[in-house]
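Participant: Okay, structure incoming, though there's no sequence with it:
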């Protein structure tokens, strides 16, 4: 079982356009759909359709459309009732896969509600099912107004302090102040899933373009996070694929390009793919392989649909093992060469 926390959930409305977006013009949509969203919710949705039990923890009234969407899709959830309606986000997708998102800020959470949400999460993490205690808790997405940037660090500490050795491992997927705030205040997540922009932002090292262009440079950046207490880094690098960096080694995964229809939820699906492979006991390289397969499958699907395991093709993903522990970061260069390739 995997628990997800989405502090700033949303109702995601996706509008498909028949042609390129034209600013200032009136355009008719070719399709329109809406789903319950937010990064943690998306991870829970992707895990659920793949047959892995997931429970989404989030604020929101019982009657809020986000809760209705979760009930409709069969996603388990535990909600903290609040008075304000949850936000609605808008995504515009073009035929070539170009995606434009407009995200609302969301309703504020006061300090009492923040404490209650953390307590709700800890309670969900304490529940055991037939397979035992939850294996992972995913702290994901932006924070609503009124929530301090160290919220995820405070949440991680609460889970570990109250559950001790039975606490699940913690995965963190966020950006901006919530990401840097968590890392600066000692969240010590077992897994962080940044893209190249977020990796550059979190480390202050290099740039998004440079990290996407040179995966070995991205390994160096990832090792900076390991040195700050992060257990593993799963970094998505755009067209270059994705990278997994741990204290034991580094792996790069890529696959032939897919026909992108929508990038909505692709990163969340990649994290879900990694986690479902990890709880199944697969090797680090195969966890990375499944992450890339899930992300590619999400990009190839229309609108807000997220892939099930059956929609993915891990055999199409090539995984290259880079130089061993420390990799190019240990040598201080980005010129190391791959050591092994797996199909």
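Facilitator: Right, received. Where do you want to start? Predicted model, so just to flag it, every value in this text is computed and none were measured. Numbers count the residues shown, from 1 in each chain.
Participant: make it CA atoms for all contacts and neighbour counts henceforth
Facilitator: Fine.
Participant: now this protein, which segments are flagged as low pLDDT?
Facilitator: For the chain, applying pLDDT under 70 flags the ranges 259-264, 302-304, 323-343.
Participant: Just give me the residue right at the centre of it.
Facilitator: The structure's the chain has its C-alpha centroid closest to residue 268; by C-alpha atoms, centre = their mean the separation is 3.9 Å.
Participant: gap between that one and residue 4?
Facilitator: 11 Å (C-alpha to C-alpha, to the nearest Å).
Participant: Same question for residue 61.
Facilitator: Residue 61 sits 18 Å away from residue 4, going by C-alpha to C-alpha.
Participant: what does residue 281 give?
Facilitator: For residue 281, the distance to residue 4 - C-alpha to C-alpha - is 20 Å.
Participant: Distance from the chain centre to the helix or strand harbouring residue 298, please.
Facilitator: Residue 298 belongs to helix 284-300 when elements are defined using DSSP states H and E. Centroid displacement of helix 284-300 relative to its chain, using C-alpha atoms, centre = their mean, to the nearest Å, is 12 Å.
Participant: Just list what that helix packs against, helices and strands only.
Facilitator: Packing partners of helix 284-300 (3 or more C-alpha pairs under 8 Å, 6 or more residues apart in numbering; DSSP states H and E): strand 242-246, strand 250-254, helix 266-279, strand 318-321.
Participant: Next, format these as a markdown table and append distance to residue 54.
Facilitator: Output for those, formatted as a markdown table (distance: least, C-alpha to C-alpha, whole Å):
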| stretch | distance to residue 54 |
| --- | --- |
| strand 242-246 | 23 |
| strand 250-254 | 26 |
| helix 266-279 | 10 |
| strand 318-321 | 27 |
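Participant: which other residues reach whichever helix or strand residue 5 is part of?
Facilitator: Assigned by DSSP H and E, residue 5 falls within strand 2-6. Strand 2-6 has contacts (C-alpha atoms under 8 Å, 6 or more residues apart in numbering) with 38-41, 43-44, 52-59, 121, 124-125, 134-141.
Participant: Could you pick out which of those residues are located in helices?
Facilitator: Secondary structure from DSSP state H places 39-41, 43-44, 121, 124-125 of the contacts of strand 2-6 in helices.
Participant: now these in a markdown table, with neighbour count and distance to residue 106?
Facilitator: Below are the ones in helices among the contacts of strand 2-6 laid out as a markdown table (neighbours: other C-alpha atoms under 10 Å; distance: C-alpha to C-alpha, whole Å):
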| residue | neighbour count | distance to residue 106 |
| --- | --- | --- |
| 39 | 27 | 14 |
| 40 | 32 | 15 |
| 41 | 33 | 15 |
| 43 | 32 | 19 |
| 44 | 32 | 20 |
| 121 | 25 | 20 |
| 124 | 21 | 23 |
| 125 | 24 | 25 |
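Participant: To what extent is residue 72 buried, counted in neighbours?
Facilitator: By the measure other C-alpha atoms under 10 Å, the count of residues near residue 72 is 11.
Participant: Show me what the host helix or strand of it is packed against.
Facilitator: In this structure, residue 72 sits in helix 65-73 according to DSSP H and E. Other elements packing on helix 65-73 under the criterion 3+ C-alpha pairs under 8 Å, 6+ apart are strand 10-16, strand 31-37.
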